[in-house]
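> Just the structure for this:
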Amino acid sequence: MQKHPTVTKDSAQTIATFYKFAEFPEFKEWKNKLGQWGKELNILGTMILAPEGINATISGPRDGIDKFLDHIREDPRFAGLNPRIAESTRSTFYRLRIITRPEIVTLGDSTINPNKAVGQYVNPEEWNALIRDPDVRVIDTRNEYEVKVGTFKGAENPHTDTFSQWPEYVEKELGSDKKQKIAMFCTGGIRCEKASSHLIENGFEEVYHLKGGILNYLETIPPEESDWDGECFIFDNRVSVTHGLKDGQTKLCYGCRWPLSDEDLESEKYEYGISCPRCFDSLNEAKKKSLQERHKQLKLAEERNVPHIGLKMPGKSSLAE
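Below you'll find the predicted structure:
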């Protein structure tokens, strides 16, 4: 049985978020190797492996995280791996999940290769000036539930439920004006790599994206100089972060994984760990009982200060899609 690190209110875990596009034909062979390293180093989190590379958010003791990343960097293709690092006293993951897929972020078009062509990277320090330019169309490439938690002022919401809907949005909404200036952003940069590559492949001439994503911006730009409005949704149990990558206050409904507003929390259809106004009427009795049992087990695990493996939450991937 895998030994999990114990997280208490007085102990911080290191969280590392990273991705790397690379030719990775033996990605399936790495699953067991990464799993063994994770077991030895007390690493939890989610990793997606695909022929195009690695996408991951992991947590654990700082020395374990450093050694785990060093193992990966021993492969020349991943030598330049540069993770976004944060600290939290919250229990961010229940286990280590390593998933193999056709893509590390699912666009649904295997011909799009960020190693071939991407948009122009914009550092956080130059981002505000770019998005304040009235001639620039600013687009949030994330999904509806992420945008709800926070976004850049004046940014366009594509109203997508999954990243695979991006090509449809481009075709319908961006039109045939290939010369328009487009600036895009996402959580950590991975979706923008593919989204900008997709635009360039489809003839758009001037495409920019925020280097390192929102997380890099929030880590770099102080609140008094920021054009960010709200919190940033992330794909672990912290739910959201704010400037300085500090833990946010956003809460999720366990029934549908949708961010909760103050109004939702006051609703008679809201039950902690079970339902919210969005999903209350669609949950059948079997589902409600399953969520109630899960919530009970989570509370027991918290009282005993041990990890709970848990069930995969409905409706959302555990990493950016």
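> If we ignore the residues flanking it in sequence, what's nearest Cys232?
The spatially closest residue to Cys232, leaving aside those adjacent along the chain, is Ile214, at 4.8 Å (CB to CB, 6 or more residues apart in numbering). The C-beta positions use only the backbone N, C-alpha and C, and glycine is treated the same way.
> Check the gap between the one you found and Glu103 for me.
Between Ile214 and Glu103 the distance, using CB to CB, to the nearest Å, works out to 21 Å.
> Comparing those two, which shows the higher neighbour count?
A side-by-side neighbour count of Ile214 and Glu103, using other CB atoms under 10 Å, places Ile214 first with 27 against 20.
> hmm, who's touching the helix or strand that contains the more buried one?
Ile214 is part of helix 213-220, with elements assigned from DSSP states H and E. Where contact means CB atoms under 8 Å, 6 or more residues apart in numbering, the residues beyond helix 213-220 that reach it are 17, 84, 124-125, 127, 185-190, 192, 210, 226, 228, 232, 234, 241-245.
> Can you flag which of these belong to strands?
Assignment to strands by DSSP state E places the following of the contacts of helix 213-220 there: 17, 84, 185, 210, 228, 232, 241.
> what pLDDT does the third one get?
Put plainly, it is Phe185. With respect to pLDDT, Phe185 scores 98.
> Report the buried residues of stretch 290-298.
Counting neighbours by 16 or more other CB atoms under 10 Å, one finds that the buried residues in stretch 290-298 are 291, 294.
> Kindly report the same for stretch 77-93.
Using 16+ other CB under 10 Å as the test for burial, stretch 77-93 gives 78, 81, 83-86, 88, 91-93.
> Can you tell me which of the contacts of helix 213-220 are buried?
17, 84, 124, 127, 185-190, 192, 210, 226, 228, 232, 234, 241-243, 245.
> Please enumerate the helices of the stretch 201-321 of the chain.
Listed in chain order, the helices of the stretch 201-321 of the chain (DSSP state H, counting those that start in this stretch) span residues 213-220, 262-266, 285-304.
> Now tabulate these in a markdown table and tack on mean pLDDT and distance to Ile65.
Listed next are the helices of the stretch 201-321 of the chain as a markdown table, based on pLDDT from 0 to 100; distance: least, CB to CB, whole Å:
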| stretch | mean pLDDT | distance to Ile65 |
| --- | --- | --- |
| helix 213-220 | 97 | 16 |
| helix 262-266 | 88 | 34 |
| helix 285-304 | 72 | 23 |
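> can you put the ones you listed in TSV and add distance to Lys39?
Putting those into TSV (distance: least, CB to CB, whole Å) gives the following:
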stretch	distance to Lys39
helix 213-220	27
helix 262-266	38
helix 285-304	20
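> Cys279: which of the ones you listed is closest?
When the helices of the stretch 201-321 of the chain are compared by CB to CB, helix 285-304 sits nearest Cys279, at 9.2 Å.
> Residue ranges of each domain in this structure, please.
13-100, 120-232, 251-296 (automatic domain parsing).
> start to end distance for the shortest one?
Between the start and the finish of domain 251-296 there is a gap of 18 Å, counting by CA to CA, to the nearest Å.
> ok now that domain, how far from the chain's centre?
Once both centres are worked out by CA atoms, centre = their mean, to the nearest Å, domain 251-296 turns out to sit 22 Å from its chain's centre.
> Trp30 - how many residues pack around it?
Other residues close to Trp30 by other CB under 10 Å number 18.
> and it, how far is that from Leu260?
Noted for Trp30: a distance of 37 Å to Leu260, by CB to CB.
> what does Leu49 give?
Applying CB to CB to Leu49 and Leu260 gives a distance of 32 Å.
> and these two? which has more neighbours close in?
Leu49 (22 against 19).
> Who are the contact partners of the more buried one?
When contacts are counted by CB under 8 Å, 6+ apart, Leu49 is found next to 24, 27-28, 30-31, 34, 98-101, 104.
> Can you flag which of those residues belong to strands?
Taking DSSP E, the ones among the contacts of Leu49 that sit in strands are 98-100.
> May I have the secondary structure class of Ala86?
strand (DSSP: H, G, I helix; E, B strand; the rest coil).
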